[in-house]
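K.L.:
Predicted model, plus sequence, below.
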Amino acid sequence: MDDAPKLDLVSNLPLSIIESILVRLPIRDAVRTSILSSKWRYRWSGISDLVFEDDRFLPNDKLIKFITQVLLLHVGPIHKFQITASYLRTCPDFDQWILFLSRNDVKEILLELGDCQWFTVPSCLFSCHKLTRLELVRCELLPPPTFKGFLHLKNLNLHQVSITGGIIQSLVSSCPLLECLTLSYIDSLALFISAPNLKYLFLEGEFKEICLEHTPVLVSVTVSMYLSDDIVEHYEQSSSCNFIKFFGGAPSLEQLIGHIYFTKFLSIGNELGCHPITCHHLKNIDLYEVNFEDIKEIMVVLRLIIHSPDLEELQISGSSNPLASSEVFDLDFWENECPSDCALKCLKTVKLTDIYGLLHEMRFIKFLLENSPILEIMSVTPSVHVIELGGRMHMVTELLEFRRVSPLARIKFSAD
């Protein structure tokens with residue numbers, strides 16, 4: 001029994017199992033499997049997904065050498081190439097890596113070099129004609145004049161990228177299959193988007209303009225905005241209606257998430273006489289830090305709700321300052337903006353947070369309760385300052401006095 005040959009289970013694994021193991025290992029460990037047996041030797045070189053992440057055992061110079069060696073020894077197609085290394089610095093080898101990828105029909109490229117390390121995207125990246133996904137962090141992006149677009153690109157993510165609005169517009173319009181677009185920390189842009197297949201849009205930064213010119217199948221938008229002095233000055237001088245420019249070219253929108261200053265942005269040029277846009281498919285609206293002391297912001301919220309006939313869920317957080325509020329301005333606009341036959345026929349769930357109990361906040365709550373025939377739950381969370389000032393019971397009393405058109409409507413008042 002002792003003299004019986006021992007089975008080498010590792011060496012005798014089927015190739016399909018070996019490949020399945022290799023794709024689940026970090027690239028450095030996958031390369032080291034060559035020492036296991038002759039059957040495993042260089043088997044890693046056919047891995048289609050090459051992901052290089054932070055590795056404390058590989059300082060900058062060794063990591064550069066390691067990536068170069070992996071690419072030189074690699075055989076077969078490369079579907080995904082990713083570098084996410086917080087300490088990696090740009091180097092001459094970097095351009096050669098991208099050139100190699102452009103000749104191997106790479107489908108996904110994700111590049112994020114060291115913290116605070118910016119790099120210039122080499123022109124050969126724009127020769128990666130089979131790209132379906134491109135994510136770039138902290139870089140300068142300037143397509144060559146000969147660039148005709150990424151005809152297969154579906155996902156584009158640019159974070160802290162130095163780029164002009166015109167280049168973004170040209171880049172997006174030359175990617176006919178683009179479905180998901182993310183632009184974050186890209187500042188002072190006038191953004192015009194025309195993308196016939198775009199479904200998901202994520203924006204974060206300082207935007208002078210956001211115009212959805214032609215996005216017929218766009219279903220979800222998330223916007224976070226920041227205001228610099230230049231942006232504020234631009235808004236003050238603007239006469240065009242941001243509300244129409246944003247919603248006019250997005251007829252299929254189903255979900256809208258607007259963070260800080262978004263309702264302020266939509267209120268620019270949105271005068272009382274402005275013809276509203278109807279969002280026929282909008283089901284979910286989340287708006288953060290809405291200023292209920294600004295009548296134009298209130299008007300934006302009202303018009304958006306009233307002209308979204310399929311609206312099912314509404315979430316709003318306030319940002320009012322009761323100490324600075326005069327509480328004395330026109331209330332007639334509630335009657336002017338809200339038609340007598342208004343009915344939010346699909347609205348079931350409302351969540352309101354950071355509410356102070358100011359006049360227009362309470363009038364807004366009253367409007368929702370009186371015009372939502374199938375409303376099931378309205379959750380109201382007051383601002384912590386209301387609790388400290390002892391206004392909690394007054395707000396509860398007022399809420400309970402409001403008429404509810406829905407027999408199922410429950411009001412949940414929470415201090416959490």
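P.N.:
Received it, and whenever you're ready, just let me know what you need.

K.L.:
Now do the SS call for R403.
P.N.:
When classified by DSSP: H, G, I helix; E, B strand; the rest coil, R403 comes out as coil.

K.L.:
Tell me the predicted confidence for it.
P.N.:
Note on R403: pLDDT of 91.

K.L.:
go on, C116?
P.N.:
70.

K.L.:
Can you list the buried residues in stretch 91-107?
P.N.:
For stretch 91-107, a neighbour-count test (16 or more other C-beta atoms under 10 Å) marks C91, F94, D95, W97, I98, F100, L101, S102, N104, V106, K107 as buried. Bear in mind the C-beta positions are built from the backbone N, C-alpha and C, glycine included.

K.L.:
The third one - that's part of a strand, no?
P.N.:
No: when three-state DSSP is applied, D95 is found to be helix, with no strand at that position.

K.L.:
show me the contacts for the spatially closest residue to it that is not a sequence neighbour.
P.N.:
Using C-beta to C-beta, 6 or more residues apart in numbering and skipping residues adjacent in sequence, the residue nearest D95 is P122, 4.4 Å away. Going by C-beta atoms under 8 Å, 6 or more residues apart in numbering, P122 touches F94, D95, I98, L99.

K.L.:
what about P122, distance to N242?
P.N.:
37 Å (C-beta to C-beta, to the nearest Å).

K.L.:
Quick check: which ranges of the stretch 201-350 of the chain have low pLDDT?
P.N.:
229, 232, 234-239, 270-275, 320-331, 333 (pLDDT under 70).

K.L.:
start to end distance for stretch 395-414?
P.N.:
11 Å (C-alpha to C-alpha, to the nearest Å).

K.L.:
before we move on, what about stretch 280-300?
P.N.:
16 Å.

K.L.:
residues of stretch 176-186 that come out buried?
P.N.:
Applying 16+ other C-beta under 10 Å to stretch 176-186 flags L177, L178, E179, C180, L181, T182, L183, I186 as buried.

K.L.:
Describe which strands the helix or strand in which L314 is found pairs with in its sheet and in which direction.
P.N.:
Assessed by DSSP states H and E, L314 sits inside strand 313-318. Sheet pairing of strand 313-318 (DSSP bridges) gives strand 284-290 (parallel), strand 349-355 (parallel).

K.L.:
Same list (those strands) but as a markdown table, adding mean neighbour count and distance to F52.
P.N.:
Shown next, in a markdown table, are the strands paired with strand 313-318 (neighbours: other C-beta atoms under 10 Å; distance: least, C-beta to C-beta, whole Å):
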| stretch | mean neighbour count | distance to F52 |
| --- | --- | --- |
| strand 284-290 | 20 | 36 |
| strand 349-355 | 19 | 42 |
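
K.L.:
Now render those as JSON lines, adding distance to E53.
P.N.:
Compiled in JSON lines, the strands paired with strand 313-318 are given as follows (distance: least, C-beta to C-beta, whole Å):
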{"stretch": "strand 284-290", "distance to E53": "33"}
{"stretch": "strand 349-355", "distance to E53": "37"}
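
K.L.:
dump the residue contacts of S184.
P.N.:
Contacts of S184 (C-beta under 8 Å, 6+ apart): L158, H159, Q160, F202, L203, E204, G205.

K.L.:
Those, buried ones only, as a PyMOL selection?
P.N.:
The buried residues among those can be selected in PyMOL (16+ other C-beta under 10 Å) with this line:
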select buried, resi 158+159+202+203+204+205
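
K.L.:
What does the closest residue to S48 other than its chain neighbours show for phi and psi?
P.N.:
Excluding its sequence neighbours, the residue lying closest to S48 (C-beta to C-beta, 6+ apart) is H79, at 4.2 Å. Backbone geometry at H79, expressed as degrees, to the nearest 10, gives phi -90, psi -40.

K.L.:
For the one helix or strand I193 maps to, which helices and strands make contact with it?
P.N.:
Using DSSP H and E, the secondary-structure element containing I193 is strand 189-194. Other helices and strands packing on strand 189-194, by 3 or more C-beta pairs under 8 Å, 6 or more residues apart in numbering; DSSP states H and E, are helix 165-173, strand 180-184, strand 200-205, strand 207-214.

K.L.:
what's the third one in contact with?
P.N.:
Spelled out, it's strand 200-205. 179-187, 189, 191, 193, 210, 212, 215, 218-226.

K.L.:
Just checking: what are the partner strands of it?
P.N.:
Partners of strand 200-205 in its sheet, by DSSP bridges: strand 180-184 (parallel), strand 220-225 (parallel).

K.L.:
how big is the angle separating the longest one from strand 207-214?
P.N.:
Inter-element angle recorded for strand 220-225 and strand 207-214: 160 degrees (by axes from the mean of the first three to the mean of the last three C-alpha atoms, to 10 degrees).

K.L.:
Just checking the distance from strand 220-225 to the centre of its chain.
P.N.:
Here strand 220-225 is found 6 Å from its chain centre; the criterion is C-alpha atoms, centre = their mean, to the nearest Å.

K.L.:
Could you list the buried residues of it?
P.N.:
So for strand 220-225, counting by 16+ other C-beta under 10 Å, buried means V221, T222, V223, S224, M225.
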